[in-house]
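1. what follows is a predicted structure for the sequence shown.
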Amino acid sequence: MPLIKDRLERKEIVMEKRLVLVKWYDARCYSGTYNYKAILEHRMALFESVGYLLSTDKTTTMIAAETNDEGEFRDITLIPTGSVVSITDLATSPAEDAMSTKEEIKEWAIAERKKLEGERDALKLIKPVDITGEQRLTYSSR
């Protein structure tokens, strides 16, 4: 029974199946002896990790390098959320993500259409401004 529960929990984690680029700082260790000036030149390591975003909360951002058609994941990376600089979607639409279902693509298309309709309606509210006569901008060569 624990195996079935474990599989169900893993599938629940991946509702979005977003392929992302995570930029984050990781610890770096410098062995040896350094003066103060040399110490100030040491920097954290900035990493870029690509994978499927499984979850993110106050402490942990979790990505997987691989996924299969059974909803399982391989090569999981746990990143301290406080170290995350940015998370960037690499697929601009579910249609570009090979793991998207037809229903997810349809939902995305409907949402995009609604956004466009909203933008079109907002443009209808903009009234043209008359900039003839003295209101027109002029430029001088001084």
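-> Received the coordinates, thanks. Residues are numbered from 1 along each chain as shown.

2. where exactly do the strands run in the protein?
-> Assigned by DSSP state E, the chain shows strands spanning 18-26, 45-56, 60-67, 73-80, 84-89.

3. tally of neighbours for Ser55?
-> Neighbours of Ser55 under the rule other Cβ atoms under 10 Å: 14. C-beta here means a position set from N, CA and C on the backbone, and glycine is covered the same way.

4. how about it, nearest residue that isn't a chain neighbour?
-> Nearest non-adjacent residue to Ser55, counting by Cβ to Cβ, 6 or more residues apart in numbering: Met62, 4.9 Å away.

5. CSV for the strands of the chain, including mean pLDDT and distance to Leu116?
-> Listed next are the strands of the chain as CSV, based on pLDDT from 0 to 100; distance: least, Cβ to Cβ, whole Å:
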stretch, mean pLDDT, distance to Leu116
strand 18-26, 90, 22
strand 45-56, 91, 26
strand 60-67, 91, 31
strand 73-80, 93, 34
strand 84-89, 90, 19
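
6. now those in a markdown table, with distance to Ala109?
-> Listed next are these as a markdown table, based on distance: least, Cβ to Cβ, whole Å:
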| stretch | distance to Ala109 |
| --- | --- |
| strand 18-26 | 17 |
| strand 45-56 | 21 |
| strand 60-67 | 23 |
| strand 73-80 | 27 |
| strand 84-89 | 17 |
